[in-house]
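> Kindly return the folded structure for what I paste below:
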Amino acid sequence: MATPFTTAELLEGRLGAIRTTTRRDDAFDATASYTAVSRAVKADGLLRRARLFYALLALGLLVATAGDVVGMVLLGHSWFQLILAGVLGLILTQFAFLAHEAAHKQILVSGSANDWVGRVLGTFVIGMSYAWWQNKHSRHHANPNQLGKDPDIAFDTISFTEEDAARQTGLLAWITRRQGYLFFPLLTLEGLNLHWTSFKLLGRPEPVKHRATEIALIAARFGVYLGLLFWFLPPGIAAAFLGVQLAVFGIYMGASFAPNHKGMPIIPASVKLDFFSKQVRTSRNVSGGWWATALFGGLNYQVEHHLFPSMARPRLAEARLIVREHCAASGIPYTETTLAQSYAIVIAYLNRVGLQARDPFACPVIAQYRRA
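Numbering: from 1, shown residues only. From the prediction side, this is the model:
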């Protein structure tokens, strides 16, 4: 069965240690609480743009990319190129964070300008369909961790509910029973999966916003990238370079998004929650301050990001103080763990889901009586 949505489970941190606030006032009005938080955030100017920050960040990423390319030229036909392949995977993930922020209208004032920044970064730089990702991610933000509504917990290679785990067959069933332990190894394929999913979407007959533009951008991206890579390097090194880059990109992307909601309560499809409670109860922050913000592109402040999706990355830390205070006053559990704890929670949760879906007759004790 799906994981029940209970406050008690959330307070226990779902298989891991968390820090929670305590209730100060028995009376709670979710609408009034969110209104109060919003007013406090606006009063402190936390919804203003941070154009200088993003300009410097983009410049830094361009310099890092140029440095990686120069390093490739200097190394020549060397297997040490694989180190630079890993670096490129990290840089591309940072560009993905920037595309994510553009999609949420965090960078520029104009919505259409943000979309074009996100489309160029997401489609041309990263090689992923911006239209597909934006549609998927918008549905996730509207209903995080809700069955049948959040595409991030839909039936796939990784199962997030016992029902989905029980549906797996063959090799996927074998993977599911060990999916917690295999989670990070499987992420090495996530970069390839994101590209392939984008190709499939753009090739389908269903309407896709700016389809022609995205096809042109993706074709140009892979044409230039693969053309230069296999022209400059021997085929074996070039293929290994591409494999390492995709693996690092997939691991970094998955490791950045996994701590945010995985292992938090899953909301049944029929349950309706107010916006404030739904976003806070299903989200998990990762402690660490500035280094975690730099490493995860602000995704470490997942609670605040879900409450204020258009808030610029540099403002999230200040918003966290306001949100924590209001959660303490209203009795809404506010979940925050260390990075290591968050991964431990995710792995344990995935293993629990996979193991609970086993055939009950696989029990060693029952099997022993069968043989008797």
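
> which strands and helices sit next to the strand or helix carrying residue 100?
Per DSSP states H and E, residue 100 falls inside helix 81-103. Here helix 81-103 touches helix 51-75, helix 111-119, helix 130-142, helix 235-261, going by 3 or more Cβ pairs under 8 Å, 6 or more residues apart in numbering; DSSP states H and E. To be clear about C-beta, it is placed using only N, CA and C from the backbone, and glycine gets the same treatment.

> for these, which one ends up most surrounded?
Mean neighbour count (mean count of other Cβ atoms under 10 Å) peaks for helix 235-261 among those, with a mean of 20.

> what comes up buried for whichever helix or strand comes after that helix?
Following helix 235-261 in sequence order, the next helix or strand is helix 275-281 (DSSP H and E). Buried residues in helix 275-281, counted by 16 or more other Cβ atoms under 10 Å: 276-281.

> Does the helix or strand just after helix 275-281 pack against any helices or strands, and if so which?
Counting by DSSP H and E, the next helix or strand C-terminal to helix 275-281 is strand 285-286. Under the contact criterion of 3+ Cβ pairs under 8 Å, 6+ apart, strand 285-286 touches helix 302-307, strand 336-337.

> Can you tell me how far the most centrally placed residue in the chain is from residue 33?
Using Cα atoms, centre = their mean, the residue of the chain that lies closest to the mean C-alpha position is residue 257, 2.4 Å off. For residue 257, the distance to residue 33 (Cβ to Cβ, to the nearest Å) stands at 27 Å.

> Ok, residue 86 next?
Distance, residue 86 to residue 33, by Cβ to Cβ: 44 Å.

> ok, and the closest non-adjacent residue to residue 167?
Nearest non-adjacent residue to residue 167, counting by Cβ to Cβ, 6 or more residues apart in numbering: residue 155, 6.7 Å away.

> can you check residue 351 too?
Counting by Cβ to Cβ, 6+ apart, the nearest residue to residue 351 once its immediate chain neighbours are dropped is residue 180, at 3.2 Å.

> Surely residue 36 is in contact with residue 326?
Yes: applying Cβ atoms under 8 Å, one finds residue 36 in contact with residue 326, separated by 6.2 Å.

> Who has more neighbours out of the two?
Higher neighbour count among residue 36 and residue 326: residue 326, with 21 against 17, using other Cβ atoms under 10 Å.

> packing partners for the host helix or strand of that one?
In the assignment (DSSP H and E), residue 326 maps to helix 316-330. If you count contacts as 3+ Cβ pairs under 8 Å, 6+ apart, helix 316-330 packs onto helix 30-43, helix 302-307.

> so which of these gets nearest residue 69?
With Cβ to Cβ as the measure, helix 302-307 is the member of the helices and strands packed on helix 316-330 nearest residue 69 (32.1 Å).

> just checking, what packs against the closest one?
With contacts defined as 3+ Cβ pairs under 8 Å, 6+ apart, helix 302-307 has these neighbours: helix 235-261, helix 275-281, strand 285-286, helix 316-330.

> Show me what counts as buried in it.
Quick answer for helix 302-307 (16+ other Cβ under 10 Å): 302-307.

> now do stretch 151-167
When neighbours are counted by 16+ other Cβ under 10 Å, the buried residues of stretch 151-167 are found to be 152-153, 158-162, 164-166.

> Let's verify the residue nearest to residue 167: helix, strand, or coil?
State at residue 155, reduced to three classes by DSSP: H, G, I helix; E, B strand; the rest coil: coil.

> Quick one: neighbours of the spatially closest residue to residue 247 that is not a sequence neighbour, just the number.
Distances taken as Cβ to Cβ, 6+ apart place residue 188 nearest to residue 247, at 4.0 Å, with adjacent residues excluded. Neighbourhood size, residue 188 [other Cβ under 10 Å]: 17.

> again, but for residue 320
Using other Cβ under 10 Å, residue 320 is surrounded by 18 other residues.

> Quick check: the gap between it and residue 101.
Separation of residue 320 from residue 101 (Cβ to Cβ): 17 Å.

> low-confidence ranges in the stretch 51-200 of the chain?
Nowhere does the stretch 51-200 of the chain drop to pLDDT under 70.

> before we move on, back to that, any idea which of the helices and strands packed on helix 316-330 scores lowest on pLDDT?
Lowest mean pLDDT within these: helix 30-43, at a mean of 86.

> Just list what that helix packs against, helices and strands only.
Secondary-structure packing of helix 30-43 (3+ Cβ pairs under 8 Å, 6+ apart): helix 275-281, helix 316-330.

> Mind doing that once more with 10 Å?
On a contact count with 3 or more Cβ pairs under 10 Å, 6 or more residues apart in numbering; DSSP states H and E, helix 30-43 meets helix 275-281, helix 302-307, helix 316-330.

> hang on, isn't residue 279 packed against residue 144?
Yes: with contacts counted by Cβ atoms under 10 Å, residue 279 reaches residue 144, the gap being 6.7 Å.

> hey, what's in contact with both of these two?
Shared contacts of residue 279 and residue 144 (Cβ atoms under 10 Å, 6 or more residues apart in numbering): 302, 306.

> so can I have JSON lines of the helices and strands packed on helix 30-43 showing distance to residue 78?
Shown next, in JSON lines, are those (distance: least, Cβ to Cβ, whole Å):
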{"stretch": "helix 275-281", "distance to residue 78": "49"}
{"stretch": "helix 302-307", "distance to residue 78": "40"}
{"stretch": "helix 316-330", "distance to residue 78": "41"}
